[in-house]
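> can you look at this prediction? I've put the sequence above it.
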Amino acid sequence: MVVLAKPPALEHISLLRSPEPGDYFEGIPSVDLAGPGAARAVVQACERFGFFKVVTHSVPAGVVDRLEAEAVRFFASPRAVKDAYGHASPFGYGNKRIGRNGDMGWLEYLLLAIDHASLSKASPAPSSSLRDAVNEYVGAMRGMATTVLEMVAEGLGVSPRGALAEMVTGAASDQLLRLNHYPPCPLMHDLMPNCSPTGFGEHTDPQLVSILHSNSTAGLQVALHDGGHWVSVPPDPTAFFVIVGDSLQVLTNGRLRSVKHRVVVANRLKSRLSMIYFGGPPVEQRIAPLRELLGRDGEHSEQSMYEEFTWGDYKKAAYRTRLADNRLAPFHRRQPPPVAMPQASSSPPSP
Ligand SMILES: C=C1C[C@]23C[C@@]1(O)CC[C@H]2[C@@]12CC[C@H](O)[C@@](C)(C(=O)O1)[C@H]2[C@@H]3C(=O)O
Ligand SMILES: O=C(O)CCC(=O)C(=O)O
Ligand SMILES: [Fe+2]
């Protein structure tokens, strides 16, 4: 019997079944954010998939291309140069290790903190041109996050329309930008053609929304809410993908659900490059279902499905978990809170 060993560099990285060429899922909703009925389409897509594609947006191609070129340049620099911006704890350059709790993936990345509208001093920028490109890109992503969250509010009948958007764009909001580079792994594909390294293991994003852009190399997969099957997302460098995060799930009392996603490194020759903006609220922000979504439901008032917490509480707990953990589980209410009963009256009921 021949036992095939993984190449040493892959020893701690789990393998996934390589997607077949026909595995692309064609059912991912596309939304034109400027089109008629956009708010309803956004809510429907978020309810059904927790994920959708933004087409015909107003982000200039130059803004995306500039940051992509800066990212390519940075990832092509010598390892010692990149390590000078490491070890992603919490911000900076990271290689294979994701987070602090033992997760590994076949990627390298830059994780950057954003203060209000620009790169934070907590994230050293490898160059001033990368800093400029990040600031320009983040400006465009904040605009798109605002539009998406205003549409979620509008589609759900929440007012003011900016109630959700201001959580991610206010001065104290907690935003991140992540540049991920997944190099190809030809040796692995030669050894085990049906298996591919995990690029980024399955997880949900903790924030309200994430906005993802990638080059034309496939790899992103999402788990369908309906049945949990993993499907491959056809890449589209002209579009953006919106991912519902855990916090938006709680704010909508589970009406919108965060989506599990992961990356598989299946292309034998081409790198995947992705850029993801994460829109999180201020640390002190209370994360609890919006009042309008706890309205009266027939005779019974709808109860929150979650214990109350702040984004700071959630982040602290989340960053102690492994990627694949269900980070919301500890915050699920086990018992509905006591319902205020009408006062018992000693007088007979009136006719
Ligand atoms: C394993 C981890 C990496 C992560 C922090 C965590 O402990 C659990 C959540 C992970 C995640 C997923 C979405 C984003 O990529 C990220 C930056 C985030 O906010 O939560 C990562 C965290 C990370 O890479 O540090
Ligand atoms: O790189 C990708 O395409 C997805 C990465 C991701 O999900 C993340 O960084 O949270
Ligand atoms: Fe993610």
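Ah, there it is. Ligands and ions are numbered 1, 2, ... in the order given.
> going by C-alpha atoms from here, please, whenever you check contacts or count neighbours.
Noted.
> so what's the residue count around the single nearest residue of the stretch 1-150 of the chain relative to ligand 1?
Proximity of the stretch 1-150 of the chain to ligand 1 (CA to the nearest ligand atom) peaks at residue 99, 3.7 Å away. Residue 99 has 17 neighbours, counted by other CA atoms under 10 Å.
> that one against residue 318, yeah?
No - with contact defined as CA atoms under 8 Å, residue 99 does not reach residue 318; the gap is 10.3 Å.
> so which bits of the stretch 1-150 of the chain are right by ligand 2?
Residues of the stretch 1-150 of the chain lying near ligand 2 by CA under 6 Å from any ligand atom: none.
> so which residue of the stretch 151-300 of the chain comes closest to ligand 1?
Nearest residue of the stretch 151-300 of the chain to ligand 1, counting by CA to the nearest ligand atom: residue 205, 4.3 Å away.
> now the stretch 201-350 of the chain
Closest point on the stretch 201-350 of the chain to ligand 1, by CA to the nearest ligand atom, is residue 319, at 3.5 Å.
> before we move on, the earlier item: how about the residue of the stretch 151-300 of the chain closest to ligand 1, secondary structure?
coil (DSSP: H, G, I helix; E, B strand; the rest coil).
> for it, what are its contacts?
The contact partners of residue 205, taken as CA atoms under 8 Å, 6 or more residues apart in numbering, are 243, 244, 245, 246, 258, 259.
> now residue 29: phi and psi?
Torsion angles at residue 29 (phi, psi; degrees, to the nearest 10) stand at phi -70, psi 140.
> do residue 96 as well
Torsion angles, degrees, to the nearest 10, at residue 96: phi 70, psi -40.
> so it makes contact with residue 102?
No - look at residue 96 against residue 102 with CA under 8 Å: they stay out of range, at 10.0 Å.
> returning to that earlier point: and the residue of the stretch 201-350 of the chain closest to ligand 1, how close does it get to residue 99?
Between residue 319 and residue 99 the distance, using CA to CA, to the nearest Å, works out to 7 Å.
> pull the longest strand from this structure.
strand 103-115 (DSSP state E).
> which residues touch residue 325?
So residue 325 contacts residue 203 (CA under 8 Å, 6+ apart).
> quick one, grab the pLDDT at it.
At residue 325, the model reports a pLDDT of 98.
> same check, this time on the one 4 residues further on
What the model reports as pLDDT for residue 329 is 96.
> that one: neighbour count?
Around residue 329 there are 10 residues (other CA under 10 Å).
> for it, phi and psi?
In terms of degrees, to the nearest 10, the main-chain angles of residue 329 are phi -50, psi -50.
> same question for residue 198.
phi -70, psi 130.
> just say helix, strand or coil for residue 147.
helix.
> contacting residues for it?
Counted by CA under 8 Å, 6+ apart, residue 147 has contacts 33, 165.
> kindly report the same for the one 3 residues further on.
Listed by CA under 8 Å, 6+ apart, the contact partners of residue 150 are 161, 162, 163, 164, 165.
> pretty sure it belongs to a strand, no?
No - assigned with three-state DSSP, residue 150 falls outside any strand and is helix.
> pairing partners for the longest strand of the chain, with directions?
According to DSSP bridges, strand 103-115 has the following sheet partners: strand 92-98 (antiparallel), strand 118-119 (antiparallel), strand 174-182 (antiparallel).
> now those in JSON lines, with mean pLDDT and mean neighbour count?
Formatted as JSON lines, those follow (pLDDT from 0 to 100; neighbours: other CA atoms under 10 Å):
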{"stretch": "strand 92-98", "mean pLDDT": "96", "mean neighbour count": "22"}
{"stretch": "strand 118-119", "mean pLDDT": "92", "mean neighbour count": "19"}
{"stretch": "strand 174-182", "mean pLDDT": "98", "mean neighbour count": "23"}
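> could you dump those strands into TSV and include distance to residue 84?
Formatted as TSV, those follow (distance: least, CA to CA, whole Å):
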stretch	distance to residue 84
strand 92-98	8
strand 118-119	18
strand 174-182	16
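> out of those strands, which comes closest to residue 107?
Of all these, it is strand 174-182 that lies closest to residue 107, at 4.4 Å by CA to CA.
> where's that closest one relative to the chain centroid, distance-wise?
10 Å (CA atoms, centre = their mean, to the nearest Å).
> is ligand 1 contacted by it?
No - with CA under 6 Å from any ligand atom as the criterion, ligand 1 is not reached by strand 174-182; the gap is at least 7.0 Å.
> appreciated, that's everything.
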